[in-house]
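> sequence and predicted structure are below.
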Amino acid sequence: IDYVIECSEEACGDMNQRGGGNFAKSIAELGGAVNATGSDTRGFCAAPTHALIEAAALVQAGVYENVVIVAGGATAKLGMNGKDHVKKEMPILEDVLGGFAILISKNDGENPIIRTDLVGRHTVGTGSSPQAVITSLITAPLDKGGLKITDIDKYSVEMQNPDVTKPAGAGDVPAANYKMIGAIGVKRKELERKELASFVEKHGMPGWAPTQGHIPSGVPYLGFAREDLTKGSLNRAMIVGKGSLFLGRMTNLFDGVSVIVERNTGKVEAEGATVSKDEIKGMIAEAMRDFASHLLSE
């Protein structure tokens, strides 16, 4: 392991350097990853998908060969839903601390590919309406890749377990996300209104993850996605990290990024692969033709 990215919702530091870090390097130390360095990435619920894209980019650029992204839950977060359960004289339903680790390595011709060219992002100017959020995170990367909403076999959104969130008053979060994605698909005329329910069932999943903010946000499906995109029958999945930045009391902006993960075609680019001479000749010839036609038009 060359590099570790820690992407949970907490921060560490002393009284003078609050939040300075570095959880990642301390985890590498405890885990015995003696050849690794690392750093912390923060973005509340969206941070794991930010980290996934960063890790893929680092590997693709050849900076590091093996990058691990890791995060864990916090006891403070367990109290959020728990207090609402207690108010309703229910037992506290969530009694686990979530955690995950994902290894990102260079293309081996077998494991799924992270499409760093098909990334969705909620920018500062996007806006916070549900339609604006879904457009920036879902349809913008699809349009860039010439894909329809139905071309993604599985969407992994905020996968909170509704058995925990419904009694706490937060509803079924994954189902609400899938309905919004399906509704945008209807608006784009990529599926019929009558197909909305079947779209949610086919392209979505029931929520199963612990509800500790960043833990359920897109990434819990990655282990299953690896199976579905290698041994299974699926070809594409979209990982959507979505969350509010209001938790930091620094802004009223929304946050989110997404990335498409695809079945590996088996082709592995040679290291240092460059454009061939024939390709360069073709590009020069095309430029000359364009220049010549411009002169003739004048």
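The structure has been received and is ready for your questions.
> hey, where'd the strands end up in the stretch 1-150 of the chain?
For the stretch 1-150 of the chain, applying DSSP state E, counting those that start in this stretch gives strands covering 3-6, 37-40, 66-72, 99-105, 113-121.
> right, and the ones you listed - which one's nearest Ala237?
Taking CB to CB, strand 113-121 is the member of the strands of the stretch 1-150 of the chain nearest to Ala237, at 10.4 Å. Using the backbone N, CA and C atoms, a C-beta is placed for each residue, glycine as well.
> just for the chain, where's the confidence low?
For the chain, the stretches with pLDDT under 70 are 247-248, 270-276, 297-298.
> can you pull up the most central residue in the chain?
For the chain, the residue whose C-alpha lies nearest the mean C-alpha position (CA atoms, centre = their mean) is Thr49; its distance is 3.4 Å.
> give me the three-state assignment for the residue nearest to it when sequence neighbours are not counted.
Spatially, and ignoring its direct neighbours in sequence, Thr49 is nearest to Gly241 (2.7 Å; CB to CB, 6 or more residues apart in numbering). Three-state call for Gly241 (DSSP: H, G, I helix; E, B strand; the rest coil): strand.
> so Gly241 versus Gly32, what's the distance?
Separation of Gly241 from Gly32 (CB to CB, to the nearest Å): 29 Å.
> what of Gly171?
Relative to Gly32, Gly171 is positioned 42 Å away (CB to CB).
> likewise Ile69?
Distance from Ile69 to Gly32, counting by CB to CB: 18 Å.
> neighbour count for those two, which is higher?
Between Ile69 and Gly32, Ile69 has the larger neighbour count (other CB atoms under 10 Å), namely 29 against 8.
> pretty sure the more buried one is touching Gly99, no?
No - using CB atoms under 8 Å, Ile69 is not in contact with Gly99, being 11.8 Å away.
> ok, back up a step: ok, now which ones touch the residue nearest to Thr49?
Applying CB atoms under 8 Å, 6 or more residues apart in numbering to Gly241 gives the contacts 43, 45-50, 52, 217-219, 256-258.
> burial count for Ile138?
24.
> so what's it up against?
If a contact means CB under 8 Å, 6+ apart, then Ile138 has 120, 149, 155, 181, 184, 238, 240, 258 as its contacts.
> and what of Arg289?
No contacts exist for Arg289 under CB under 8 Å, 6+ apart.
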